[in-house]
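Student: Here is a sequence together with a model predicted from it:
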Amino acid sequence: MTTWYGYSGGKLAKAAAGSPVEVVVAPEPDEIQELVKRYGIDLHDLHSALDPDELARVESETDHLVLILKLPCNYTGEGKLLFTVTSVGMFLFKSRLLVVSPNEVEFSGDKVMHAVKDVRDVMLKIMYGIIDHFLGHLKVINMLSESLEKRMTESMGNRYLMDMFALEKSLVYFVNGLSSNQVVFEKLVLETNKVRLKLTKARFDILEDVVTENRQCQKQAEIYSDILMGLMGAHASVVNNNISLLMKRLTVISIVFMPLNVVAGMGGMSEFSNWTSGVPWYLAYGIFLVSLVPLSFLTYLILKRSGIDRGESETLKRTAMLRSLPRIPGRDRPKRRKGDIK
């Protein structure tokens with residue numbers, strides 16, 4: 001799909017064919033050949049813009065500049081909670097800009113760019129759009145991780161653990177993509193590229209802001225990644241602890257019933273009938289069954305005095321106390337805003 005953009009009165013808007021900015025999304029093979037003939041660009045560079053595994057880079061050709069950047073893929077839900085990244089290519093000529101990508105491209109940066117007068121302004125808006133796209137997905141990943149954290153404390157299964165692993169994998173992709181973009185942005189800030197791009201002082205300041213915003217976004221993704229790694233390790237420890245507590249309870253139950261089994265085995269022998277030959281059978285067996293109750297209670301008291309369940313009781317008390325504490329202001333989950341997932 002091909003969309004043309006032009007700028008009039010300082011605003012970027014869709015325009016007729018032949019306008020200065022051409023955005024091509026998921027081109028067909030015949031469209032790729034047409035772009036190569038029309039703009040005289042290298043076929044390898046064009047395929048690199050459509051390759052999700054291509055690293056971000058900047059190259060200078062005779063009459064144009066090639067920028068390959070990474071941006072998040074639009075979330076579809078087919079990969080469950082897996083967020084991936086893809087590539088976008090910008091081919092900057094003197095008065096034209098060709099943008100090629102497998103996914104739709106966003107234009108942002110209206111707060112710092114009040115007017116669009118040149119294709120270089122459009123290029124900077126796309127860079128801001130890429131960073132905003134990353135930030136939007138990071139907010140969604142943070143909300144999903146908080147929701148999974150609450151569910152993981154109540155479950156011993158692998159479902160939520162696999163969801164956390166998918167989010168951790170997504171953050172690895174994001175950190176790699178942001179770091180790759182950072183290398184390209186820092187190269188563009190160099191004086192030689194500044195002259196080649198023909199950036200004015202105002203545009204160069206905006207480019208430096210792009211470098212700063214991308215660095216902050218990368219740092220945020222790294223922090224989220226570290227938190228998820230720690231959370232997954234904590235979940236594994238919680239599961240092991242729950243299994244230990246379960247085995248402990250089963251052990252206590254078996255110990256309580258062990259003396260009862262011994263006494264019940266003695267009652268099932270023929271010697272018991274000989275011992276109670278002078279007593280009616282219903283009275284003898286009734287007394288025998290009633291005596292099992294205080295015996296089991298006495299066994300439980302002995303185990304309790306020995307402190308075998310003291311650790312579990314203290315853990316339950318601490319958990320109940322923490323749940324009764326008031327919530328810390330400012331830690332409520334942020335509401336999902338429209339447009340977080342693109």
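Tutor: Nice, thanks for sending it over.
Student: elements contacting the strand or helix carrying residue 125?
Tutor: According to DSSP states H and E, residue 125 maps onto helix 119-152. Counting contacts by 3 or more Cβ pairs under 8 Å, 6 or more residues apart in numbering; DSSP states H and E, helix 119-152 is packed against strand 2-8, strand 65-72, strand 85-92, strand 97-101, helix 159-189, helix 201-267. C-beta here means a position set from N, CA and C on the backbone, and glycine is covered the same way.
Student: and the ones you listed as CSV, adding distance to residue 146, mean pLDDT and mean neighbour count?
Tutor: Putting these into CSV (distance: least, Cβ to Cβ, whole Å; pLDDT from 0 to 100; neighbours: other Cβ atoms under 10 Å) gives the following:
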stretch, distance to residue 146, mean pLDDT, mean neighbour count
strand 2-8, 37, 84, 15
strand 65-72, 20, 90, 22
strand 85-92, 23, 91, 23
strand 97-101, 31, 90, 23
helix 159-189, 11, 87, 19
helix 201-267, 10, 80, 15
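Student: Turn these into CSV, columns for distance to residue 22.
Tutor: Shown next, in CSV, are these (distance: least, Cβ to Cβ, whole Å):
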stretch, distance to residue 22
strand 2-8, 6
strand 65-72, 15
strand 85-92, 9
strand 97-101, 5
helix 159-189, 21
helix 201-267, 21
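Student: Between these, which one is closest to residue 55.
Tutor: helix 159-189 (5.4 Å; Cβ to Cβ).
Student: Work out the gap between that closest one and the centre of the chain.
Tutor: Here the centre of mass of C-alpha atoms in helix 159-189, compared against the chain's by Cα atoms, centre = their mean, to the nearest Å, lies 10 Å away.
Student: how many degrees apart are that helix and strand 85-92 in direction?
Tutor: Relative orientation of helix 159-189 versus strand 85-92 (axes from the mean of the first three to the mean of the last three Cα atoms, to 10 degrees): 20 degrees.
Student: Show the secondary-structure elements that helix 159-189 is packed against.
Tutor: Against helix 159-189 (3+ Cβ pairs under 8 Å, 6+ apart) you get strand 57-60, strand 65-72, strand 85-92, helix 119-152, helix 191-197, helix 201-267.
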